[in-house]
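Participant: sequence below, structure please.
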Amino acid sequence: MIIKAIEVIQLCGFVVVVVASDNNQINAKAFEELCGGEGNMLGGIPNPNFPQYRIFFIFDTVHILKCIRNNWLNQKDSAQTFVFPRPVPTYSGKSSSVANSSYLMPPNSVHFSCLSTDNYPNFDSRASTVSELSGIVFVSSTNLQPGRASVGRLKVQYNSERQALLKEAPGLKHKVLNPSSLERQNVSLVLGIFNDKTVEALLSTSDHGAKDTAEFIRVIISWWKIMNIKSSNKGVRLRDDLSLPFCDVDDDRLRFLQEFVHWLEIWNRDKVGCLTKPTFRALLHSTKTMHNLIIYAKNSLHLDYFLPGKVQTDNLERRFGLYRQLCGANYHVSVAQVLEAEKKLRVSSLFSIRSAKHGIINIRQVFDGYPDQTHDIGSSLSLQVNHLVRDFEAVASESIDIAFSCDERCLVYIAGYVAFKCAHKLSCVECKSVLLSDRDLTIESCDIEVDVSYIDELSRGGLKYPSYLLVMCGYRVYCVVQVLLSKKYEELFLKHSNQRMLVCALSKESFESVELTTDEACSCSLSRSTLFSSCIRVFANILLNNYTKVTQVAGPSRKRKLKAISDASSK
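Facilitator: Numbers count the residues shown, from 1 in each chain. Okay, here's the model as predicted:
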């Protein structure tokens, strides 16, 4: 069936290079039979219509990432611990040659052997040595103890800031650490764990177990970034070397994949705290095959660049999701239903608009969803305290009188995001300078001590350091929200018709009365009050969004829904 589908596709003018599927046992067995055994899967098979090309078989990397998370959550010990070997592969981003004449395949080669272990550093050396290979730094020693990555440590981090409005690890949620069977299919919940912010939050603690967990997560993040490159400008946009497209075979990331394979093989020797056999097999095979595929694409297909993220089943699953939705949200659809749904999708694609930058854009929604922006930002916050509910008149003064403690690193990080989001909409250099400061963030006579180490670890040169005035603007919004969520005001605040407008108006009054005593105007005629109004709005959105996540009912999805329904019916 697979060969027949390949032949039909190639009769339409395409050339099949890769066949991808999830790590289902039936799919894995089919791949083995097509290749003549599991040992021959790395080299693929000759193309039945174009003998000069080959067809590779690979497992979907998105599915593998979810399987790694599921294996971690399914560990039998109380802390749900992975016991992984040391040292771990680390990409340092240094440029040097990774090519090896005995390893790289010639341009016309049709044989792809398994990765040779001759190119790996000696992990079993008794003497402690430091070896640096193409940006991959290893410190090998027999005295190195295995690392212990614990889900329990992630839960400790989550519980420590569960009620906080400013979080160092915003990706950690109850659903992320305790997903239901259906939620385990959501890759966005997986990325809540395998996240740079989660790593830095764990490293900021003095707990040794947290550092082991961060070390393991960082390895998986590096692998995932390489496997998920879908755009040629992703690395430039994110300022991340791991996300750049593969343009030649002398890439340090190919060496990282080699070392990652060797690390997996060492890890698989242990029977406790490791991956299951199907997940290990899929992860090992896909990493090796992707390595060979990148070299094949450059040497044999002569591509200018290669994007590993394109070798995924996302588009196919998205298409089948549309089929199921058009067939009454039925999971098992028949061939007749697929054909009927395809007709509907083709009809909807006939009505489209053409963009010079983005190409053809299909009209999928027939309603006016574009917000009315006839009023400027400043006028949207023209609501004054005397027009608000009388019960909130004292909130601004109380937020000034009470000194609230907060995580300064998170506050500065969020202020940097606000500065970036608001400054790129401004064309005036003078207005931008009001929001941004120098990179070293030299702040004197500050009400709060600002530690920028958290930002230094996450920044790749693109984050903007906020000015002192913007940091204090965020602090005033934070204080107002804390007062509104106090026992005195929270119930009244939740009953208000527009909570965000209320927060913005009170924060604006508090900020202008303390920090912005004079409303100066820029040479572009934009007042400071109007400039910081947009910043206050972004701060309010972030804090209120975190508050809604805190108030969500924790527990299994069915109980959460029943609790939400019962609460709604009781009102």
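Participant: show me which helix or strand of the protein is least confident by mean pLDDT.
Facilitator: When the helices and strands of the chain are scored by mean pLDDT, DSSP states H and E, strand 129-133 comes last with a mean of 33.
Participant: so residue 436 bridges to which residues?
Facilitator: Taking DSSP bridges as the rule, residue 436 bridges to residue 466.
Participant: an error on my part: the question was meant for residue 55.
Facilitator: With DSSP bridges as the rule, residue 55 is bridged to residue 45.
Participant: tell me, how many residues neighbour residue 236?
Facilitator: For residue 236, the neighbour count with other CB atoms under 10 Å is 13. (Each C-beta comes from the backbone N, C-alpha and C, glycine too.)
Participant: and residue 341, by the same measure?
Facilitator: Residues near residue 341, counting by other CB under 10 Å: 19.
Participant: with residue 238 instead?
Facilitator: Residues contacting residue 238 under the criterion other CB under 10 Å number 15.
Participant: point out where the stretch 101-250 of the chain drops to low pLDDT.
Facilitator: 101-143 (pLDDT under 70).
Participant: and what of the chain?
Facilitator: In the chain, residues with pLDDT under 70: 38-40, 93-143, 347-390, 437-457, 459-464, 516-519, 550-571.
Participant: can you tell me the centre-most residue of it?
Facilitator: Among the residues of the chain, the one closest to the centroid is residue 191, at 5.1 Å (CA atoms, centre = their mean).
Participant: quick one: that one from residue 87, how far?
Facilitator: If you measure residue 191 against residue 87 using CB to CB, to the nearest Å, the figure is 25 Å.
Participant: ok, residue 169 touching residue 156?
Facilitator: No - taking contacts as CB atoms under 8 Å, residue 169 lies outside contact range of residue 156: 11.0 Å.
Participant: out of the two, which sits in the more crowded spot?
Facilitator: When residue 169 is set against residue 156 and neighbours are counted by other CB under 10 Å, the residue ahead is residue 169, at 23 against 17.
Participant: give me the phi and psi for the more buried one.
Facilitator: Torsion angles at residue 169 (phi, psi; degrees, to the nearest 10) stand at phi -120, psi 80.
Participant: contacting residues for the nearest residue to it once chain neighbours are set aside?
Facilitator: Distances taken as CB to CB, 6 or more residues apart in numbering place residue 201 nearest to residue 169, at 3.8 Å, with adjacent residues excluded. For residue 201, the contacting residues are 157, 168, 169, by CB atoms under 8 Å, 6 or more residues apart in numbering.
Participant: can you pull the buried residues of stretch 256-266?
Facilitator: Across stretch 256-266, burial judged by 16 or more other CB atoms under 10 Å covers 256, 257, 258, 259, 260, 261, 262, 263, 264.
Participant: also stretch 506-522?
Facilitator: 506, 507, 508, 509, 510, 511, 512, 514, 515, 516, 522.
Participant: the helices in the stretch 351-500 of the chain, which residues?
Facilitator: Counting by DSSP state H, counting those that start in this stretch, one finds helices in the stretch 351-500 of the chain at the ranges 377-380, 395-401, 408-423, 429-435, 453-458, 468-484, 490-495, 499-514.
Participant: just put the ones you listed in CSV and tack on distance to residue 343.
Facilitator: Formatted as CSV, the helices of the stretch 351-500 of the chain follow (distance: least, CB to CB, whole Å):
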stretch, distance to residue 343
helix 377-380, 45
helix 395-401, 58
helix 408-423, 43
helix 429-435, 52
helix 453-458, 48
helix 468-484, 51
helix 490-495, 48
helix 499-514, 44
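Participant: and residue 81, which of those helices is closest to it?
Facilitator: Among these, helix 453-458 comes nearest to residue 81, with 24.9 Å by CB to CB.
Participant: now the nearest residue to residue 21 once chain neighbours are set aside: phi and psi?
Facilitator: Among residues not flanking residue 21 along the chain, residue 27 sits closest, at 4.1 Å (CB to CB, 6+ apart). Torsion angles at residue 27 (phi, psi; degrees, to the nearest 10) stand at phi -60, psi -40.
Participant: what's the burial count for residue 27?
Facilitator: Around residue 27 there are 18 residues (other CB under 10 Å).
Participant: isn't it up against residue 33?
Facilitator: No - with contact defined as CB under 8 Å, residue 27 does not count as touching residue 33 (11.0 Å).
Participant: need the residues touching each of those two.
Facilitator: In contact with both residue 27 and residue 33: no residue, using CB under 8 Å, 6+ apart.
Participant: residue contacts, the spatially closest residue to residue 479 that is not a sequence neighbour?
Facilitator: Nearest residue to residue 479 in three dimensions, chain neighbours excluded: residue 399, at 4.0 Å (CB to CB, 6+ apart). Applying CB under 8 Å, 6+ apart to residue 399 gives the contacts 476, 479, 480, 482, 483, 506, 510.
Participant: one more time with 6 Å
Facilitator: 479, 480, 483, 510 (CB atoms under 6 Å, 6 or more residues apart in numbering).
Participant: what about it, distance to residue 531?
Facilitator: Residue 399 is 21 Å from residue 531, by CB to CB.
Participant: again, but for residue 420
Facilitator: Residue 420 is 15 Å from residue 531, by CB to CB.
Participant: which one's more surrounded, those two?
Facilitator: residue 531 (24 against 16).
Participant: SS state for the more buried one?
Facilitator: helix (DSSP: H, G, I helix; E, B strand; the rest coil).
Participant: what does the one 4 residues further on give?
Facilitator: Reducing the assignment to helix, strand or coil with three-state DSSP, the entry for residue 535 is helix.
Participant: run the chain-centre distance for stretch 195-207.
Facilitator: Taking CA atoms, centre = their mean, to the nearest Å, one finds stretch 195-207 lying 15 Å from the centre of the chain it belongs to.
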